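>>> Quick one, what's the 3D model for this:
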Amino acid sequence: MVFPAVTAFYAAILALIYLGLSFWVVAGRGKLKVVHGDGGHHTLQRRIRAHANFSEYVPIILILCALLEARGAGGLTITLLLLPLTIVRLMHPVGMVARENSLQQYLFRAPAALITWIVMAAAAILLLVRLEHFPFALAHAQRSSSLFWRATLSDQINPSDRTLLLVDR
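Below you'll find the predicted structure:
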């Protein structure tokens with residue numbers, strides 16, 4: 001299996017962004033003297049949602065990209081998925097704290113959401129394409145595992161009987 005180095009690079013960058021969002025939420029809570037939740041403060045609620053939105057989408061996209069890279073996708077493909085994601089994940093919080101129906105909200109929040117969805121869909125579709133006959137691959141993996149265990153267990157059986165255990169069911 002190939003180590004997903006490009007995905008790992010972007011995962012590290014995105015982890016730092018997530019940490020920044022965490023500090024942003026904590027700073028908002030400190031400023032407003034809120035220990036739990038949003039304390040009824042609209043701006044703090046938006047910070048919390050920006051942080052939560054990141055945690056709802058980014059991990060699954062990183063998992064998809066790591067699997068895709070491990071399955072042989074090139075660094076350019078992964079970069080074309082994760083670079084835009086990284087940029088829009090920086091844009092999204094700016095749109096989240098903007099005034100309702102403001103230009104800032106429309107320029108930052110909506111494109112960030114749309115591009116996040118596109119990246120997720122593209123990564124999922126590319127991974128499905130790379131799986132090559134998924135149902136058959138799963139059946140083959142189960143059969144291979146079953147044959148392995150039967151062959152391992154057969155070490156204690158008479159060599160002339162061993163071939164019967166390796167016959168496909």
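>>> Tell me how far residue 98 lies from residue 53.
To residue 53, residue 98 is 14 Å away according to CB to CB, to the nearest Å. All C-beta spots, glycine's among them, are computed from the backbone N, C-alpha and C.
>>> what does residue 33 give?
For residue 33, the distance to residue 53 equals 25 Å [CB to CB].
>>> The two - which one has more neighbours?
A count of neighbours by other CB atoms under 10 Å puts residue 53 above the other of residue 33 and residue 53, at 19 against 8.
>>> Okay, now the unreliable bits of the chain?
Applying pLDDT under 70 to the chain picks out residues 133-169.
>>> Show me where it has its helices.
5-32, 42-70, 75-96, 103-130, 134-153, 159-165 (DSSP state H).
>>> Could you give me the buried positions within the fourth one?
Going back to what we said before, that points to helix 103-130. Residues 105, 108-109, 111-113, 115-116, 119-120, 122-123, 126-127 are the ones in helix 103-130 that count as buried (16 or more other CB atoms under 10 Å).
>>> how long is stretch 64-76 from one end to the other?
15 Å (CA to CA, to the nearest Å).
>>> which other residues reach it?
Residues outside stretch 64-76 that contact it (CB atoms under 8 Å, 6 or more residues apart in numbering) are 1-8, 10-11, 77-78, 81-82, 120, 123-124, 126-127, 130-131.
>>> Now the buried members of those residues.
Going by neighbour count (16+ other CB under 10 Å), the contacts of stretch 64-76 have 4, 6-7, 10-11, 77-78, 81-82, 120, 123, 126-127 buried.
>>> Tell me how far the closest residue to residue 82 other than its chain neighbours lies from residue 98.
Nearest residue to residue 82, sequence neighbours excluded (CB to CB, 6 or more residues apart in numbering): residue 10, at 3.9 Å. Distance, residue 10 to residue 98, by CB to CB: 26 Å.
>>> I'd like to check what contacts stretch 93-111. Which residues are they?
So stretch 93-111 is contacted by 21, 24, 43, 46-47, 49-51, 53, 88, 91-92, 112 (CB under 8 Å, 6+ apart).
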